[in-house]
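> sequence unknown, structure follows:
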């Protein structure tokens, strides 16, 4: 069974949009601009980082998106937007 994938981000973030396109229907997108409770949830998961996207796959939390490298599990050295 695949791990549940959640992408926390905003509609205006190009890195978020690329992550959404890459993960397609394997991930659920949560727009933190529209849901303050989900923003707080994202901040708790990211250690307080206000950078998006925050991608949660099982127990793994990644801040930022590097395209194919991120899909293979690479950790970004930058945080996106």
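Yep, it's here. Since this is a predicted model, take the numbers as computed values, not measurements.

> Can you report how many residues lie near residue 40?
For residue 40, the count of nearby residues is 11 (other C-beta atoms under 10 Å). Heads up, the C-betas are built off the backbone N, CA and C, glycines and all.

> Residue 7: what secondary structure?
Put simply, residue 7 is strand when judged by DSSP: H, G, I helix; E, B strand; the rest coil.

> Count the neighbours of it for me.
23.

> Could you do residue 58 as well?
Using other C-beta under 10 Å, residue 58 has 9 neighbouring residues.

> Can you report phi and psi for it?
phi 60, psi -120 (degrees, to the nearest 10).

> What of residue 62?
According to degrees, to the nearest 10, residue 62 has phi -120, psi 140.

> oh, and call the first residue 29 from now on, that's how I've got it
Noted, 29 is the first residue going forward, which turns the last one into residue 90.

> which residues of the protein fall in helices?
42-51, 64-73, 96-99 (DSSP state H).

> Packing partners of the second one?
Based on contacts counted as 3 or more C-beta pairs under 8 Å, 6 or more residues apart in numbering; DSSP states H and E, the elements that helix 64-73 packs against are strand 33-37, strand 55-59, strand 82-85.

> how about those in CSV, adding mean pLDDT and distance to residue 75?
Shown next, in CSV, are those (pLDDT from 0 to 100; distance: least, C-beta to C-beta, whole Å):
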stretch, mean pLDDT, distance to residue 75
strand 33-37, 97, 13
strand 55-59, 97, 18
strand 82-85, 95, 10
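
> can you put those in TSV and add distance to residue 71?
TSV is the format used below for the helices and strands packed on helix 64-73 (distance: least, C-beta to C-beta, whole Å):
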stretch	distance to residue 71
strand 33-37	9
strand 55-59	13
strand 82-85	9
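
> Residue 56 contacts residue 35, doesn't it?
Yes: Residue 56 is within contact range of residue 35, at 7.1 Å (criterion: C-beta atoms under 8 Å).

> Would you tell me which of the helices of the chain gets closest to residue 81?
Residue 81 lies closest to helix 42-51 among these, at 4.4 Å (C-beta to C-beta).
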